[in-house]
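# quick one: sequence and predicted model below, then my questions.
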2 protein chains.
Amino acid sequence: MRLLVIGGVAAGLSAAARARRIDPGLEILVLEKGQTISYGACGLPYYVEDRVHSADELIVYTPEYFRKERNISVRTGAAVVEIAHARREVTLENGERIHYDRLVIATGARPACGAIAGADQPHVFRLNTLDDGIRLKRYLVEKKPGRAVVIGGGFIGLEAVDALRRNGLAVTLFGASQHLLRREDAELTSALVAHLQRFGVKTHLGAPVRTIAPDRVDDTPCDLVLIGTGLLPNAEIAFAAGVQKGRTGAIQVDDRMQTNLGGVYAAGDCAETFHLVTGRPAWIPLGTTANKMGRVAGANAAGVRERFGGVVGTCVLSVFGLGIGMSGLSASEARREGFSPVSARIEARAKARYFGGRSTTVELTADQKTGRLLGGVVTGEQGVAGRINVIAAALHHGMAVDEFERLDLAYAPPFSTVWDPLLIAAQQLLRQL
Amino acid sequence: MRLLVIGGVAAGLSAAARARRIDPGLEILVLEKGQTISYGACGLPYYVEDRVHSADELIVYTPEYFRKERNISVRTGAAVVEIAHARREVTLENGERIHYDRLVIATGARPACGAIAGADQPHVFRLNTLDDGIRLKRYLVEKKPGRAVVIGGGFIGLEAVDALRRNGLAVTLFGASQHLLRREDAELTSALVAHLQRFGVKTHLGAPVRTIAPDRVDDTPCDLVLIGTGLLPNAEIAFAAGVQKGRTGAIQVDDRMQTNLGGVYAAGDCAETFHLVTGRPAWIPLGTTANKMGRVAGANAAGVRERFGGVVGTCVLSVFGLGIGMSGLSASEARREGFSPVSARIEARAKARYFGGRSTTVELTADQKTGRLLGGVVTGEQGVAGRINVIAAALHHGMAVDEFERLDLAYAPPFSTVWDPLLIAAQQLLRQL
């Protein structure tokens, strides 16, 4: 009995490791098209920044580790070009065919930058894979570029802006929409734009880039361009094999990560997840989710029924020391999903003044009809991850705002204020419901 | 219609302010026996430490503020000695009688140090009220004591140890039980003892103090003694008036903060709260809870039905930079309450190594029979409050460990690890269930 896993990063290796833990006798083979497996892609911006000095530091496990310690075979440089499910076979680029009994597809996502002309020049980069990071860092060291343009105001774009600026480059950010972080939230965007400005970053929003010239983007001269315009699921070989595409464009799976094909599972950035707030499938490619989906896929592929608990869309990033945490739906997303959203935003001290407490912003959104909490945003320099995680836990449970407002949260002056900013925001929102 | 509030700190003033917001026409009078109202008692250790330089900085509002801005009368130095509920009257120390229509009792708690001989000497202190803090700080400044003994290994005791040590004093801590923080948790206690030792603090546990000599406690010479041996509810005048005592020894209230006497409410440290994990009344005197109970008492006293959501026993403190957050029940408490507790404790990095991530410890306890989460402890130097608050939100909802393990928590290297320590602990605990 052979479990074949396509993809050797987060989801694929989580699946393989989980399957091995469940079934010591299973034959497990992981195929990775790149030269490296098991790296923390979320650390790439910090490798570019040079906070992480060597790319090796981002690698968690080697193929040798998996072979020796987990009895899992890993082949790198093994790109699958076709899945022939009727024969239970995949074909590699070199024509080699490999049989499977169970298959986990964990082919990830890739940058969506098809429409930009000039994207294949040597001074144009992405930041999706470890190889992308190594190529960019080598360019920074060897060419010492002075001016960068970053295209895309999402997570990767903003983290890259931070990393490049800290390398001393002049940085200009181009965003196709009027909003940063793909969130229709004028206040969040303007706060972020002002923050970027304080660190000397120029921002052009509502400015989609069509062409990258050798020495400029639009009127901005530059020696380096980074494209962070979003991702697309890497699922073409799956769809060609008859795997069902979901409404989001990623692979459709059930809560056991099973596709429509018997014995074929999908997990990670190539597959859909289930959004607990909307009650519908969503495509939210993130490392945390990929690991969790991978575990579930591996368990089920090894014969144990486990289900994926769904996501609430929690994420966090840091831009020049400002933390931005988001969970659930924004007001505009909520409206599109048929809710009647009401939001309240408050600003309060993150902890006692005499412990250096700085201002933090909490926005909560709830459904007018049911009083249910739908989402939240926390920004600030202190306590952002902890507070967005409390919102995430509440969303996971479909908590109403009046319950949220009663939460028994911890207080001591080094950590918080007697009314935690989360509770102040909930009180404010309750007045509007 | 007059609402009379006895007590002008957290619960009393929350009640008064909430009642005023609901009913602009109500006559509201607050009686405070001390000279100061509305101070943050949780900040007292930091005033002793001298991080807070002036006691005024701990005062949030003055009587004048309440009079002018809220139309709430406040009398300080007004100690109530008797409640005559049949006549709807209270009697002050000076014999004056004051009528009420509705009454909120928010008389707080006091240090429980009755059994210690010599506790009334001039070099012996408590740290319960602002006056206690002022007296202690004056002694530190004027007498420049070099050696302190702190009696009591609870919150106040440990925060006082930290504050006194940072003032340069040699500090010895005496605890009556074998455990610190009133928690039967040998690992937590030994970690704390080792931490205290690193900062030069000597610890004697299982060493109840019976007598304070003028120059020593037991064999430890000292110039200053601080008693932090726990609290007792200040509820004698309430009980004398026929207010029902609960099984915990504090005032029994329903979820609207109403006592057994019509129109008489109680809130804050003098009253019981409802523990959502045990489903039973509990006495957990804390500022956060006092404020929330006060609001509910004030709302109901002003004629609006509001209910208190209960607590899960969340608290946090910092001792020499080590954060300790606790929520829910310890294993031994759980056993006493009839659960079959199972615990798992893990140690993991609080965030990415390259963001200076230090070790954090998470312990989760669940009920073997139902899989329900019963409590947790988080210790470490980073992210402690945020993580204990996630546990608190889960406990509020009676979440099972397998659900907790699926929480969609935020990840980025500056904030966390891809598997948050909370989720690692939950995975560990699930293996034992």
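Alright, I've got the coordinates. Quick caveat, the model's predicted, so the values are computed rather than measured.
# can you tell me the centre-most residue of chain A?
residue A:286 (2.9 Å; Cα atoms, centre = their mean).
# thought that residue was touching residue B:411?
Yes - contact criterion Cβ atoms under 8 Å: residue A:286 and residue B:411 qualify, at 7.4 Å. Bear in mind the C-beta positions are built from the backbone N, C-alpha and C, glycine included.
# who touches both of those two?
Shared contacts of residue A:286 and residue B:411 (Cβ atoms under 8 Å, 6 or more residues apart in numbering or on different chains): residue A:315.
# in the stretch 301-433 of chain A, which spans are strands?
Applying DSSP state E, counting those that start in this stretch to the stretch 301-433 of chain A gives strands spanning A:315-319, A:322-328, A:341-349, A:359-367, A:373-380.
# the first one packs against which elements?
Read that as strand A:315-319. Where contact means 3 or more Cβ pairs under 8 Å, 6 or more residues apart in numbering or on different chains; DSSP states H and E, strand A:315-319 is packed against helix A:155-166, helix A:186-198, strand A:322-328, helix A:384-396.
# again, 6 Å this time
When contacts are defined as 3 or more Cβ pairs under 6 Å, 6 or more residues apart in numbering or on different chains; DSSP states H and E, strand A:315-319 packs onto helix A:155-166, strand A:322-328.
# equivalent analysis for the second one, please.
Packed against strand A:322-328, as judged by 3+ Cβ pairs under 6 Å, 6+ apart, are the following elements: strand A:315-319, strand A:373-380, helix A:384-396.
# nearest to chain B: which residue in chain A?
For chain A, the residue closest to chain B is residue A:386, as judged by Cβ to the nearest Cβ, at 1.3 Å.
# near chain B, which residues of the stretch 151-300 of chain A? Just list them.
By Cβ under 6 Å from any Cβ of the partner chain, the residues of the stretch 151-300 of chain A that approach chain B are A:287-288.
# pLDDT below threshold where in the stretch 151-300 of chain A?
Judged by pLDDT under 70, the stretch 151-300 of chain A has no weakly predicted residues.
# what about the helices in it?
Here the stretch 151-300 of chain A has its helices, by DSSP state H, counting those that start in this stretch, at A:155-166, A:186-198, A:236-240, A:287-301.
# as JSON lines, these with mean neighbour count would be great.
Output for those, formatted as JSON lines (neighbours: other Cβ atoms under 10 Å in any protein chain shown):
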{"stretch": "helix A:155-166", "mean neighbour count": "24"}
{"stretch": "helix A:186-198", "mean neighbour count": "15"}
{"stretch": "helix A:236-240", "mean neighbour count": "17"}
{"stretch": "helix A:287-301", "mean neighbour count": "28"}
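# pretty sure residue A:391 is touching residue A:378, no?
No - counting by Cβ atoms under 6 Å, residue A:378 is not a contact partner of residue A:391; they are 7.3 Å apart.
# return the residues of the stretch 301-433 of chain A in contact with chain B.
Residues of the stretch 301-433 of chain A lying close to chain B (Cβ under 6 Å from any Cβ) are A:309, A:311-312, A:314, A:316-318, A:325, A:354, A:383, A:385-386, A:388-390, A:392-394, A:396-397, A:406-416, A:418.
# residue A:261: how many residues sit nearby?
18 (other Cβ atoms under 10 Å in any protein chain shown).
# same question for residue A:63.
Neighbours of residue A:63 using other Cβ under 10 Å come to 18.
# check contacts around the closest residue to residue A:316 other than its chain neighbours.
Distance criterion Cβ to Cβ, 6 or more residues apart in numbering or on different chains; nearest residue to residue A:316, sequence neighbours excluded, is residue B:410 at 3.8 Å. Residues in contact with residue B:410 (Cβ atoms under 6 Å, 6 or more residues apart in numbering or on different chains) are A:314, A:316, A:325, A:385, A:388-389.
# now residue B:410: how far from residue B:283?
Between residue B:410 and residue B:283 the computed distance is 35 Å (Cβ to Cβ, to the nearest Å).
# per-residue confidence at the residue nearest to residue A:385 when sequence neighbours are not counted?
Distances taken as Cβ to Cβ, 6+ apart place residue B:415 nearest to residue A:385, at 3.7 Å, with adjacent residues excluded. pLDDT recorded at residue B:415 is 97.
# thought residue B:415 was touching residue A:386?
No - the criterion here is Cβ under 6 Å, and residue B:415 misses it with residue A:386 at 8.6 Å.
# more neighbours, the two?
More crowded of residue B:415 and residue A:386, by other Cβ under 10 Å: residue A:386, with 30 against 27.
# dump the residue contacts of the residue nearest to the more buried one when sequence neighbours are not counted.
Nearest residue to residue A:386, sequence neighbours excluded (Cβ to Cβ, 6+ apart): residue B:386, at 1.3 Å. For residue B:386, the contact set (Cβ under 6 Å, 6+ apart) comprises A:383, A:385-386.
# would you mind measuring from residue B:386 to residue B:177?
Distance from residue B:386 to residue B:177, by Cβ to Cβ: 30 Å.
# same question for residue A:407.
Residue A:407 is 30 Å from residue B:177, by Cβ to Cβ.
# cool, residue A:41 as well?
Plainly put, residue A:41 is 49 Å away from residue B:177 if you go by Cβ to Cβ.
# same check, this time on residue A:355
From residue A:355 to residue B:177 the distance is 30 Å (Cβ to Cβ).
# what's the answer for residue A:329, then?
Between residue A:329 and residue B:177 the computed distance is 49 Å (Cβ to Cβ).
# next one: residue A:105
Distance from residue A:105 to residue B:177, by Cβ to Cβ: 57 Å.
# ok, now residue A:325?
Taken as Cβ to Cβ, the span from residue A:325 to residue B:177 is 40 Å.
# okay, the two: which has more neighbours?
Neighbours were counted for residue A:325 and for residue B:177 using other Cβ under 10 Å; residue A:325 has more, 27 against 16.
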